[in-house]
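Asks: Need a 3D model of the sequence below.
(2 chains)
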Amino acid sequence: VDLVRNDSDESLMLLYREGDMRAFEVLVERHRKPVYNFILRFVRNTTQAEDLLQDTFLRVVKSADSYERQAKFTTWLYTIARNLCVDASRRGRHRQVDSLDALIGSDNGRTRIEFVPDLGAGVERRAIGSELRAQIQNAIEMLPEEQREIFLLREVADLQFNEIAAVIGCPENTVKSRMRYALEKLREELAEFRDLAEAVS
Amino acid sequence: MTFSAHPRSDCDLLLDDLYGELDAAARERFETHLTSCATCQDELASMRQVRSAARQALPFEEPPARVTGPLHAELLYEAARRTGRRRRGFRFVRRIVAHPGYAAAAALVVVGGALGVEWSRSHILISLPPYSKPASPVETTPSLQPSEPRPTGYPTKPAEEDRNLLAKAGNLAASDRCDEAVALYAAIHRRSPKLMTPDDRRSYDRCRQATRGNSDAAASAYDPRDRGSAQMILQRRTTEKRKRPAKKAKNAKSDPDQSAPILKGAGHFGNADGRMDE
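Replies: Residues are numbered from 1 along each chain as shown, chains lettered A, B, ... in the order given. Purely as a prediction, here's the structure:
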């Protein structure tokens, strides 16, 4: 078991193809959480993320025969997950517009403060921290999809730029420039928030 | 000053450095450059802040109980079934030929054929037996193998078995064992989607909704220690085969293996003590 546990993703995948179920279980345990978080941040809906995660691994099972030894497993896995997310977001585009409106209208950030425990003098700072978090979260959600998916593949899935290029199917330079746009957008958001915080205090 | 407006050259390495993607040589080059480029120093510092804020804004969340419970069970079941089928393909013929029932069946076919020739000799008129004839001698093999009891209750067609399983899933749904029902419905649906009536689908959807709203309960029904691995399904499947070898030749065409894991799967999803087994 320990031997399997220390194996690389690639050899686990080949072992599973030979019928080793233990190898498959280790693969799932290893990647379930990061893939789930990637999907969750992409589709922004827990139930849908659960279903898409399941579909991702089911597709791994179904396409196991077409997996090539030289391909990096995570690149392959996230290509599947990302394609499912893109399809899902295309299907739900009209609904997404509604939910974004709702999100802006409901002022998500402010309601979160209520859940911060009362810690006396620390409250003010903590509240600002959680509001900032919500603001950044919002800013990430508002990124154009082509930037957001790259940002999530880098920050959540922890793929390298050349791997992201393989997942998306575009040149590495394109990946990097989209990543820069995303980071700059978030920096603006951060700066705006700091100005606001300073003005308030 | 923004990334994109920045002059090319060593400053271009900033993004790679931010994400630790530079090799040793490039890193050294960039660090040397940093000491003389204030713009890059500021840029790197502010981007590190952005990254840290972003990571705080996107904390890693644990997959919900539905994922680690019922869905995981369904996934392992499906994975075990798939590898089983892949490997079966090659050994299928060999296993039939190796089966003792095959020899008996072959003997009967030979004897039957000889008798047929005898008969046709005496009757001049030669009529070919119906296409299904070679299968019928196998039906009579129990008389040749008195030590091996004929399996009872084993359906002859997968569709028939799935119908039974559908009924079982319906019963589970009716008795509010929704997560088990969902797993069973899903398994049946994957194999014979056409078999499911609108009523079955409604029941399935209702159960899915129920398990969704109640994922903690679903998870407790799938305690990881109890849940067992798919390895277990495979093991049970092989013991199953050993226990009831006679069905192999009989059901050669409909491939009983494909239906066996469903039965085992039902037991697996149901409970470790096999509540759902017959």
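Asks: ok, the spatially closest residue to residue A:15 that is not a sequence neighbour - contacts?
Replies: Leaving aside its sequence neighbours, residue A:15 sits nearest to residue A:23 (CB to CB, 6 or more residues apart in numbering or on different chains; 3.7 Å). Every C-beta, even on glycine, is put in place using the N, C-alpha and C of the backbone. By CB atoms under 8 Å, 6 or more residues apart in numbering or on different chains, the residues touching residue A:23 are A:4, A:7, A:12-13, A:15-16.
Asks: hmm, 6 Å instead?
Replies: By CB atoms under 6 Å, 6 or more residues apart in numbering or on different chains, the contact list for residue A:23 reads A:4, A:12, A:15-16.
Asks: Over to residue A:45?
Replies: With CB under 6 Å, 6+ apart as the criterion, no residue contacts residue A:45.
Asks: Could you look up the SS state of residue B:22?
Replies: In the three-state summary, residue B:22 is assigned as coil, counting by DSSP: H, G, I helix; E, B strand; the rest coil.
Asks: Not counting sequence-adjacent ones, nearest residue to it?
Replies: Nearest one to residue B:22, counting by CB to CB, 6+ apart, is residue B:16 at 5.0 Å.
Asks: what number of residues lie near the one you found?
Replies: Neighbour count for residue B:16, taken as other CB atoms under 10 Å in any protein chain shown: 17.
Asks: circling back: spell out which helix or strand contains the residue nearest to residue A:15, please.
Replies: Under the criterion of DSSP states H and E, residue A:23 resides in helix A:21-43.
Asks: Buried residues in that helix, which are they?
Replies: Applying a neighbour-count criterion of 16 or more other CB atoms under 10 Å in any protein chain shown, one finds A:21-28, A:31-43 buried in helix A:21-43.
Asks: Repeat that for stretch A:132-149.
Replies: Buried residues in stretch A:132-149, counted by 16+ other CB under 10 Å: A:132-140, A:143, A:147-149.
Asks: in what helix or strand does the spatially closest residue to residue B:43 that is not a sequence neighbour lie?
Replies: In space, and not counting its chain neighbours, residue B:43 is closest to residue B:14: 6.0 Å by CB to CB, 6+ apart. Element membership for residue B:14, per DSSP H and E: helix B:14-18.
Asks: Mind checking if the helix or strand just after that helix is in reach of chain A?
Replies: Note on helix B:14-18: by DSSP H and E, the next helix or strand toward the C-terminus is helix B:24-36. No: counting by CB under 6 Å from any CB of the partner chain, chain A is not contacted by helix B:24-36; separation bottoms out at 13.6 Å.
Asks: Which residues does helix B:24-36 contact?
Replies: Applying CB under 6 Å, 6+ apart, the set of residues contacting helix B:24-36 from outside is B:10, B:13, B:17, B:40-41.
Asks: quick one: contacts of stretch A:133-153?
Replies: The contact list for stretch A:133-153, computed with CB under 6 Å, 6+ apart, reads A:38, A:41-42, A:108-109, A:112, A:159, A:164, A:175, A:178-179, A:181-182, A:186, A:189, A:193, B:53-54, B:56-57.
Asks: if we can go back for a sec, list of residues touching the helix holding residue B:14?
Replies: A:176, B:22, B:30, B:40, B:47.
Asks: Mark which of the buried residues of stretch A:132-149 are part of helices, please.
Replies: Residues of the buried residues of stretch A:132-149 located in helices (DSSP state H): A:132-140, A:147-149.
Asks: burial count for residue A:197?
Replies: By other CB under 10 Å, 12 other residues sit near residue A:197.
Asks: Low-confidence regions, the chain specifically.
Replies: Reading this off chain A. Scanning chain A for pLDDT under 70 picks out A:1-3, A:93-128.
Asks: that's the wrong chain, I meant chain B
Replies: In the predicted model, chain B carries pLDDT under 70 at residues B:1-9, B:85-159, B:190-191, B:211-278.
Asks: and residue A:192, how many neighbours does it have?
Replies: 12.
Asks: what about it, which helix or strand?
Replies: helix A:172-200.
Asks: residues of that helix that come out buried?
Replies: A:175-187, A:189-190, A:193.
Asks: just checking: which of the residues you listed also lie near chain B?
Replies: Answer for these near chain B (CB under 6 Å from any CB): A:176, A:180, A:183-184, A:186-187, A:190.
Asks: need the contact list for the residue nearest the centre of chain A.
Replies: Nearest to the geometric centre of chain A sits residue A:38, at 2.3 Å (CA atoms, centre = their mean). Neighbouring residues of residue A:38 by CB under 6 Å, 6+ apart: A:152, A:156-157.
Asks: Tell me the buried residues within those.
Replies: By neighbour count, with 16+ other CB under 10 Å, the contacts of residue A:38 hold A:152, A:156-157 as buried.
Asks: Closest one to chain B out of these, please.
Replies: residue A:156 (6.2 Å; CB to the nearest CB).
Asks: Let me know whether the closest one touches residue A:37 as I believe.
Replies: Yes: Residue A:156 is within contact range of residue A:37, at 5.2 Å (criterion: CB atoms under 6 Å).
Asks: For chain B, state which of the buried residues of helix A:172-200 is nearest.
Replies: For these, the nearest to chain B is residue A:180 (4.0 Å; CB to the nearest CB).
Asks: Can you tell me the SS state at residue A:51?
Replies: helix.
Asks: Contact residues of chain A facing chain B?
Replies: Neighbours of chain B within chain A, by CB under 6 Å from any CB: A:19, A:21-22, A:24-25, A:32, A:36-37, A:41, A:50, A:54, A:57, A:61, A:133, A:136-137, A:155, A:160, A:176, A:180, A:183-184, A:186-187, A:190.
Asks: try it again with 7 Å
Replies: Counting by CB under 7 Å from any CB of the partner chain, chain A comes close to chain B at A:16, A:19, A:21-22, A:24-25, A:28, A:32-33, A:36-37, A:40-41, A:46-47, A:50, A:53-54, A:57-58, A:61-62, A:132-133, A:136-137, A:140, A:154-156, A:160-161, A:176, A:179-180, A:183-184, A:186-187, A:190.
Asks: what helix or strand is residue A:77 on?
Replies: Going by DSSP H and E, residue A:77 is in helix A:73-91.
Asks: And residue A:144, how far from chain B?
Replies: For residue A:144, the distance to chain B (CB to the nearest CB, to the nearest Å) stands at 15 Å.
Asks: Residue A:75 now?
Replies: Separation of residue A:75 from chain B (CB to the nearest CB) stands at 15 Å.
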